[in-house]
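Chemist: Next come a sequence and a model predicted from it.
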Amino acid sequence: MNNDYHLHLVAVVEQGYLQQQLKLLILSVEQFVMPHMRVKIIACCPRKGKGVTKPFIDFLSQHNVDYIDEPLNEKYAYFPLCNGIFASDYVARTYKNINALLLVDTDTLFFNPISMDLLNASNIHMRPVDNKGIGSLGDKDPNNDFWNRVFDFFNISPAYKKITTTVSQEKIRPYYNSGFVLVNKGIDFMQQWKQDFIKLMDSDIRTAASSSRHLVDYGFIEQMVLSVSSEKMNPQTLILPETYNYPIPFRPRIKERQAHPSFAELVHVH
């Protein structure tokens, strides 16, 4: 029964290096998370023709990981960063009685247990982006017109607030990292995220290509839509502690900050 699990964890996998990354992620969940809560891991390949190798399927089976190989992302197959949207939506619709659903990027690891308190409230839990990127500092930011157009397109008037990026420490309009999205029971957030993503991608609203490190005018739209969906659904979006979705490549730059977590305190690194 699905409700035997405290947490359903979704990660994207395709043939190639993602297999090795997922293997490490699974082993880290088994070692550091599963001793403290019941977790069902679901590995999803949403693009046609990208399925994993037979030996890797055997590995998943040995570790009680469900494997889904379905062409969920056909229309935007050129844009692999949105695979997680389609994977998490599929799981949210297919698995019944989910207590909490977590989408994590495959290139991440756990080093400590997830707090059970995070699973017991009707909230969305995320971290801010590392750096501003396509985000907006406010009215004078070149990217702000894009943000205004998006919210106008969805007929949303977001409350004025700012969050602080994890690395560059810039105060920007709420813009979240999609590498760790935790949704609690009773919130159909993953389905809303997919619907909003498709609607925006099918519009003519785009970022400046130079705003994204991928140099495409749709780069990181899948992340930006998190802000739209969270405003639209209006549950409380909680900023996770620094120990979650921790940007490990930037640790040499940020570790000396006041009250910064030690390496031993990190729960999940990205």
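Modeler: Good, I have the coordinates.
Chemist: So the residue most central in space within the chain, which state does it fall into?
Modeler: Nearest residue to the geometric centre of the chain (CA atoms, centre = their mean): Ser178, 2.8 Å. Under DSSP: H, G, I helix; E, B strand; the rest coil, Ser178 falls in the strand class.
Chemist: Thought Met224 was touching it, still the case?
Modeler: No: applying CB atoms under 8 Å as the test, Ser178 and Met224 come out as separate, 9.5 Å apart. (C-beta placed from N, C-alpha, C; glycine too.)
Chemist: Check the spacing between the residue nearest to the centre of the chain and Ser262 real quick.
Modeler: Between Ser178 and Ser262 the computed distance is 26 Å (CB to CB, to the nearest Å).
Chemist: Could you do Glu231 as well?
Modeler: For Glu231 relative to Ser262 (CB to CB), the value is 35 Å.
Chemist: between the two, who's got more neighbours?
Modeler: Glu231 (17 against 8; other CB atoms under 10 Å).
Chemist: Tyr218 contacts Phe79, correct?
Modeler: Yes: Tyr218 is in contact with Phe79 according to CB under 8 Å; the separation is 6.5 Å.
Chemist: and these two? which has more neighbours close in?
Modeler: Tyr218 (21 against 18).
Chemist: Now do the contacts for the more buried one.
Modeler: Contacts for Tyr218 (CB atoms under 8 Å, 6 or more residues apart in numbering) come out as 79, 201, 206-207.
Chemist: cool, and Ser61?
Modeler: Going by CB under 8 Å, 6+ apart, the list of residues near Ser61 reads Tyr67.
Chemist: helices and strands of the chain: which one bottoms out on pLDDT?
Modeler: When the helices and strands of the chain are compared on mean pLDDT, DSSP states H and E, strand 237-239 comes out lowest with a mean of 91.
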